[in-house]
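K.L.:
Give me a model of this one.
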Amino acid sequence: MALPHQNPSRLGQVNATGSDRELFLKLYAGEVLTAFEEKNIFMPLHRTRTISNGKSASFPLTGTGSAKYHTVGTMIEADNIKHGERVVTVDDLLISPQFIAKIDEAMNHYDVRSIYSKEAGNALSNTADRNIARVIAKAAGITNATEAATAFGTAFDDETYTSNFNIGTTAAHATDGAKIVEAIYKALEEFDKKDVQGKKVCVLPPAQYYALLNVPSVANAAWLNRDVGGNGSVSGGVVPNVGGVEIRMSNHIPQTNQSTGSTDVEPVTSTRTAAYRGDYSKLCGLIFTEDAAATVKLLDLAVESEYQIERQGTLMVAKYAMGHNILRPACAIALNKV
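P.N.:
Residues are numbered from 1 along each chain as shown. The predicted structure is shown next:
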């Protein structure tokens with residue numbers, strides 16, 4: 001006698017219908033997104049815009065107004081406020097693909113999905129984060145109208161510019177906590193002199209960040225000394241802020257000469273291939289506001305999956321399409337070593 005048919009519970013189905021891998025894909029995609037967000041330092045620190053179609057987005061620039069005294073009886077004539085724009089172009093589709101053979105998945109004694117998803121998220125996040133850091137560094141590198149004209153094709157007449165600062169007077173000062181703090185205060189003073197508004201944040205590479213903690217005497221380090229309002233912690237390895245500015249650490253700040261080629265994969269489209277190149281060999285930190293740079297997202301982070309019969313395995317692709325560019329050079333200052 002034939003045995004009765006069983007109705008299996010498919011763990012990957014939603015409400016017992018549809019693809020038997022649907023929930024697995026959602027879990028994979030969720031893990032990719034989590035890894036992406038955990039590793040990404042710069043994305044929430046600058047302007048972002050999402051577009052539904054097209055290849056670029058423009059960000060308007062508005063000049064300054066003026067004031068004047070009125071002569072009684074004369075006609076009032078309006079002053080002209082200048083306008084411009086900065087365009088952010090989307091790069092080629094960036095992908096992180098993995099292929100899992102069915103036989104390997106069946107024989108494996110541990111879950112590779114979570115490992116692969118984390119690596120996919122990390123790969124995409126690292127590329128985006130480093131490119132944003134490069135763009136902010138390039139923004140800091142524009143300190144006058146001539147450099148702006150070279151970068152943008154034409155300089156915006158009403159734009160102001162800020163200067164960059166060296167950390168101390170010798171190469172050794174680049175890892176001297178007191179000299180780093182001194183350079184940060186010089187940058188903040190420059191922002192105020194040039195009327196740069198907005199919340200500032202300082203991102204340092206590990207060597208400079210830990211130099212703020214590795215000091216001979218906490219009593220002489222105001223940013224750590226609680227007796228004078230410091231709120232850092234040597235034991236906790238944390239430097240919350242200096243001069244009211246949040247201090248973050250990232251190893252994604254470029255610190256080599258990448259003028260002839262980025263250390264990451266570069267966009268294929270010829271007009272974007274060199275978008276993130278530059279000489280960053282002196283860079284030891286960035287202080288900026290969110291208006292320094294912008295990201296335009298055409299396709300936000302997403303994951304696709306397909307079982308390939310002819311290859312007897314599953315191809316999973318994490319992807320996004322976005323681009324980054326400079327907005328306002330005055331909103332970024334570089335801390336450089338001598």
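
K.L.:
From now on I want contacts and neighbour counts done on CA atoms only, so please keep to that.
P.N.:
Fine.

K.L.:
got any ranges where the stretch 151-300 of the chain has weak pLDDT?
P.N.:
216-220, 222-235, 237 (pLDDT under 70).

K.L.:
Just give me the neighbour total for Pro205.
P.N.:
Here the count is done by other Cα atoms under 10 Å, and Pro205 has 19 residues near it.

K.L.:
wouldn't Met43 be in contact with Asp129 here?
P.N.:
Yes. In this structure Met43 lies within contact range of Asp129 using Cα atoms under 8 Å: 6.7 Å.

K.L.:
What ranges does this protein have for its strands?
P.N.:
47-50, 56-62, 83-89, 94-101, 165-166, 201-204, 241-242, 245-249, 257-258, 278-279, 283-288, 293-308, 313-326, 332-336 (DSSP state E).

K.L.:
could these be laid out in TSV, adding mean neighbour count and distance to Tyr185?
P.N.:
Rendered in TSV, the data for those read as follows (neighbours: other Cα atoms under 10 Å; distance: least, Cα to Cα, whole Å):
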stretch	mean neighbour count	distance to Tyr185
strand 47-50	15	24
strand 56-62	15	28
strand 83-89	17	29
strand 94-101	17	38
strand 165-166	20	10
strand 201-204	22	11
strand 241-242	19	8
strand 245-249	18	10
strand 257-258	17	27
strand 278-279	20	25
strand 283-288	26	10
strand 293-308	20	22
strand 313-326	21	24
strand 332-336	29	11
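
K.L.:
Save these as TSV, and put in distance to Val265 too.
P.N.:
Rendered in TSV, the data for the strands of the chain read as follows (distance: least, Cα to Cα, whole Å):
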stretch	distance to Val265
strand 47-50	22
strand 56-62	21
strand 83-89	17
strand 94-101	9
strand 165-166	30
strand 201-204	23
strand 241-242	34
strand 245-249	23
strand 257-258	12
strand 278-279	15
strand 283-288	21
strand 293-308	18
strand 313-326	14
strand 332-336	24
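
K.L.:
can you pull the pLDDT of Ala106?
P.N.:
Reading off the confidence values, Ala106 has pLDDT 79.

K.L.:
Relative to Arg113, how far out is it?
P.N.:
As defined by Cα to Cα, to the nearest Å, Ala106 lies at a distance of 12 Å from Arg113.

K.L.:
who's more crowded, these two?
P.N.:
Taking neighbours as other Cα under 10 Å, Ala106 and Arg113 compare with Arg113 leading, 18 against 8.

K.L.:
pLDDT wise, what is that one at?
P.N.:
Reported pLDDT at Arg113 in the predicted model: 73.

K.L.:
Check the one 4 residues further on too.
P.N.:
Turning to Ser117, the model gives it a pLDDT of 80.

K.L.:
and the residue lying closest to it once chain neighbours are set aside, how many residues sit next to it?
P.N.:
Taking Cα to Cα, 6 or more residues apart in numbering, and ignoring the residues beside it in sequence, Ser117 has Val32 as its nearest neighbour in space, at 4.9 Å. When counting by other Cα under 10 Å, one arrives at 27 neighbours for Val32.

K.L.:
Is it correct that Val32 is in contact with Gly121?
P.N.:
Yes. Using Cα under 8 Å, Val32 makes contact with Gly121 at a distance of 4.4 Å.

K.L.:
Now for the two: what residues contact both?
P.N.:
In the contact map built from Cα atoms under 8 Å, 6 or more residues apart in numbering, the residues linked to both Val32 and Gly121 are Ala318.

K.L.:
Would you mind getting the angle between the helix of greatest length in the chain and strand 94-101?
P.N.:
When the chain is scanned for its longest helix (criterion: DSSP state H), the result is helix 112-140. Computed with axes from the mean of the first three to the mean of the last three Cα atoms, to 10 degrees, the direction of helix 112-140 lies at 170 degrees from that of strand 94-101.

K.L.:
Enumerate every residue touching Leu286.
P.N.:
Applying Cα under 8 Å, 6+ apart, the residues near Leu286 are Ile136, Ala137, Cys202, Val203, Leu204, Ala332, Ile333, Ala334, Leu335.

K.L.:
Could I get those in TSV, plus columns for distance to Ala178?
P.N.:
Rendered in TSV, the data for those read as follows (distance: Cα to Cα, whole Å):
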residue	distance to Ala178
Ile136	24
Ala137	23
Cys202	15
Val203	16
Leu204	14
Ala332	21
Ile333	18
Ala334	17
Leu335	14
